[in-house]
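[1] Kindly return the folded structure for what I paste below:
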Amino acid sequence: MHALKDLFTTDVGLMSIGGIAFMLGMGVFFIRYFIKHIREDEAAAALKNNPK
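    Numbering: from 1, shown residues only. From the prediction side, this is the model:
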């Protein structure tokens with residue numbers, strides 16, 4: 001319990017939470033970004049192969 005108290009009440013603990021939240025947010029952003037662009041590239045390749 002002492003570790004959780006330190007995590008949420010000290011400056012270093014709050015910075016750790018902020019860093020973890022930032023990294024998780026970056027991970028979500030990049031996953032969504034990459035999936036979006038992969039789908040766009042697949043659609044462009046499908047149009048290039050079947051130009052109907």
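[2] Next up, phi/psi of Thr10, please.
    phi -100, psi 160 (degrees, to the nearest 10).
[3] and it, what pLDDT?
    You'll see Thr10 listed with a pLDDT of 96.
[4] Gly18 and Gly27: what is the separation?
    15 Å (C-beta to C-beta, to the nearest Å). Using the backbone N, CA and C atoms, a C-beta is placed for each residue, glycine as well.
[5] any chance you could map the helices in the chain?
    2-9, 11-49 (DSSP state H).
[6] Let's have the ones you listed in a markdown table, adding mean neighbour count.
    Formatted as a markdown table, the helices of the chain follow (neighbours: other C-beta atoms under 10 Å):
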| stretch | mean neighbour count |
| --- | --- |
| helix 2-9 | 10 |
| helix 11-49 | 10 |
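[7] which of those helices has the lowest average pLDDT?
    helix 2-9 has the lowest average pLDDT among the helices of the chain, namely a mean of 93.
[8] Which neighbouring elements make contact with that helix?
    helix 11-49 (3 or more C-beta pairs under 8 Å, 6 or more residues apart in numbering; DSSP states H and E).
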